[in-house]
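Visitor: Sequence plus the predicted model coming up.
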Amino acid sequence: MDTAEREKKFQEKIDSGLKVEAKEWMPENYRKQLTRMISQHAHSEIVGMLPEGNWITRAPSLRRKAVLLAKVQDEAGHGLYLYSAAETLGIDRKTMIDQLLSGRAKYSSIFNYPTLSWADIGAIGWLVDGAAIVNQTMLARGSYGPYSRAMVRICKEESFHNRQGYEIMYHLANGTPEQKAMAQDALNRWWWPSIQMLGPSDAQSKNSEETMRWKIKVESNDTVRQRFIDRTVPQAHAAGLTIPDPDLKFNEETGHWEIGEIEWTEFYRVIKGHGPCNRKRLKARQEAEREGRWVREAAAAYAAKQRARAVQAA
Amino acid sequence: MSDNTENDQGKLWEVFIQSKPGIPHKHAGSVHAHDAEMALAGARDVYTRRREGTSIWVVPSEMITATTEQDADSFFDPADDKAYRHPTFYTIPEGVKYL
């Protein structure tokens, strides 16, 4: 079979709804697109631990602290599932980590914003994880088996993240005037970055055509974004909070919430490395890698010693 | 399941989890570890944070032999034309029970 024939067969497989598995033939660009997406996704989970980790020692109660610890631990787990899923495509985890640490890899732009108050932890769980769930539920229906399975597992866990975040926001919004102001301030700062994190609008998205044809993505960025908006606006209202968008209105005819213009220049500025915390995030990951090196070396040395002993005993 | 060259990330292990007693272990994903004991501990932390398991197996990924897509047809073909291996192949007279 020549490549054109193989690609045709591959497309037929995708169209019939079958999943693609690691060792099966796939077009080079399918492999490339997925490796890019999954590794960026993995990096986002790992870097995503940093803004929240900032508040673990200062959580307002033991309950909130235990919850936040569990949530951050989940994010680490998600990063690991995703690195594994990317590795099935032939890339080595070490290579991906090197790409992140050297600043060559992208991760979700949202994690380059700072967590200034406790309410930001609520806003992240509610908005950032809320947006992530909508996106990941879509990705779970994607054509690549290992990625799709990782997404199913992750979505189950994200649902707790989303609810705990909303609970924090709801409590603050119904607390003292200062607490309510804090919640509103967090919503004001996190709303637009959460809207943007679902990716460029369809007209601007350069990877969309191919990724949709191969069912790497089964819905466009704008469709996913609209679903997130429709779910989240009533949640804000239920908590007595105001979405920071003077143009926001409900369209009775379509049944959708319509938002104002998205400020894309800001999004691209953060992606290009000029967000408030890009340098800080990268530095934290580089330090973690350096400070953890002795642990990896010790583990390797111990394993080597155990192997040598086993050989001697035999 | 890339190549298994040991760098400072350790080897790759496949993780199988039995979610409750009496049912088979099922593939859950993979972990990196330098030895089996660490692989088990890692698998517990990565895949069973919510009591998803009662038992875990870890197997070095390089030890798994699998069928390939290219061979799948000829490999599984022989089962295709043997419908008589299924109970529905047989006609049973009406009224006859427990068959």
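Guide: Great, that's in hand.
Visitor: got the contact list for A:Arg281?
Guide: A:47, A:50, A:111-112 (CB atoms under 8 Å, 6 or more residues apart in numbering or on different chains). Just so you know, the C-beta spots here come from the backbone N, C-alpha and C atoms, and that holds for glycine as well.
Visitor: make it 6 Å
Guide: Contacts for A:Arg281 (CB atoms under 6 Å, 6 or more residues apart in numbering or on different chains) come out as A:47, A:50.
Visitor: State the helix or strand in which it lies.
Guide: helix A:278-313 (DSSP states H and E).
Visitor: Please state the mean pLDDT value computed over that helix.
Guide: Averaged across helix A:278-313, the pLDDT comes to 93.
Visitor: again with stretch B:92-99
Guide: Throughout stretch B:92-99, pLDDT has a mean value of 92.
Visitor: Spell out which parts of chain B neighbour chain A.
Guide: B:1-2, B:7-9, B:29-30, B:34-35, B:46, B:69 (CB under 6 Å from any CB of the partner chain).
Visitor: Going by distance to A:Glu24, which of those residues wins?
Guide: B:Glu69 (4.4 Å; CB to CB).
Visitor: Let's see which of the residues of chain B next to chain A end up in strands.
Guide: Of the residues of chain B next to chain A, the ones assigned to strands by DSSP state E are B:29-30.
Visitor: Which parts of the chain are helices?
Guide: No chain in the question, so chain A it is. A:3-15, A:28-47, A:49-53, A:62-87, A:93-101, A:118-123, A:129-139, A:145-173, A:177-196, A:208-213, A:221-238, A:264-269, A:278-313 (DSSP state H).
Visitor: wait, I meant chain B there
Guide: So, for chain B - with DSSP H - the helices run B:36-47, B:69-76.
Visitor: out of those helices, deepest packed?
Guide: helix B:36-47 (a mean of 18; mean count of other CB atoms under 10 Å in any protein chain shown).
Visitor: pLDDT on it, on average?
Guide: 95.
Visitor: mind checking how far that helix is from the chain centre?
Guide: Centroid separation for helix B:36-47 versus its chain: 17 Å, with CA atoms, centre = their mean, to the nearest Å.
Visitor: Around chain B, pick out the residues from chain A.
Guide: So chain A meets chain B at A:24, A:77, A:80-81, A:84, A:87-88, A:90, A:92-94, A:296, A:299-300, A:303 (CB under 6 Å from any CB).
Visitor: Pull the contacting residues for the closest residue to chain B within the stretch 51-200 of chain A.
Guide: Nearest residue of the stretch 51-200 of chain A to chain B, counting by CB to the nearest CB: A:Ser84, 4.4 Å away. When contacts are counted by CB under 6 Å, 6+ apart, A:Ser84 touches B:29-30.
Visitor: distance of it from A:Ala105?
Guide: 17 Å (CB to CB, to the nearest Å).
Visitor: One more: B:Gly95?
Guide: Distance of B:Gly95 to A:Ala105, given as CB to CB: 70 Å.
Visitor: So if I had to pick from the two, which one is more boxed in?
Guide: A:Ala105 (19 against 5; other CB atoms under 10 Å in any protein chain shown).
Visitor: the bottom helix or strand of chain B by mean pLDDT?
Guide: Within chain B, no helix or strand scores below helix B:69-76, which has a mean of 85 by mean pLDDT, DSSP states H and E.
Visitor: what separates it from the chain centre, distance-wise?
Guide: 18 Å.
Visitor: what's the answer for stretch A:134-147, then?
Guide: Centroid separation for stretch A:134-147 versus its chain: 13 Å, with CA atoms, centre = their mean.
Visitor: give the contact list for the nearest residue to A:Gly165 once chain neighbours are set aside.
Guide: Leaving aside its chain neighbours, A:Gly165 sits nearest to A:Gly125 (1.8 Å; criterion: CB to CB, 6 or more residues apart in numbering or on different chains). By CB under 6 Å, 6+ apart, A:Gly125 lies in contact with A:161, A:164-165.
Visitor: Next one: A:Gly125 from B:Glu37, what distance?
Guide: Taking CB to CB, one finds A:Gly125 at 35 Å from B:Glu37.
Visitor: A:Met138 too?
Guide: Taken as CB to CB, the span from A:Met138 to B:Glu37 is 39 Å.
Visitor: How about A:Asp15?
Guide: 46 Å.
Visitor: A:Asp120 now?
Guide: Relative to B:Glu37, A:Asp120 is positioned 39 Å away (CB to CB).
Visitor: now swap in B:Pro21 and tell me
Guide: On the measure of CB to CB, B:Pro21 and B:Glu37 end up 23 Å apart.
Visitor: same thing with A:Ala299?
Guide: Distance of A:Ala299 to B:Glu37, given as CB to CB: 10 Å.
Visitor: ok so, going back, which one (most neighbours) among the contacts of A:Gly125?
Guide: Of the contacts of A:Gly125, with other CB under 10 Å as the count, A:His161 tops at 26 neighbours.
Visitor: In space, what's closest to it - neighbours in sequence excluded?
Guide: Closest to A:His161 by CB to CB, 6+ apart is A:Asp129, at 4.1 Å.
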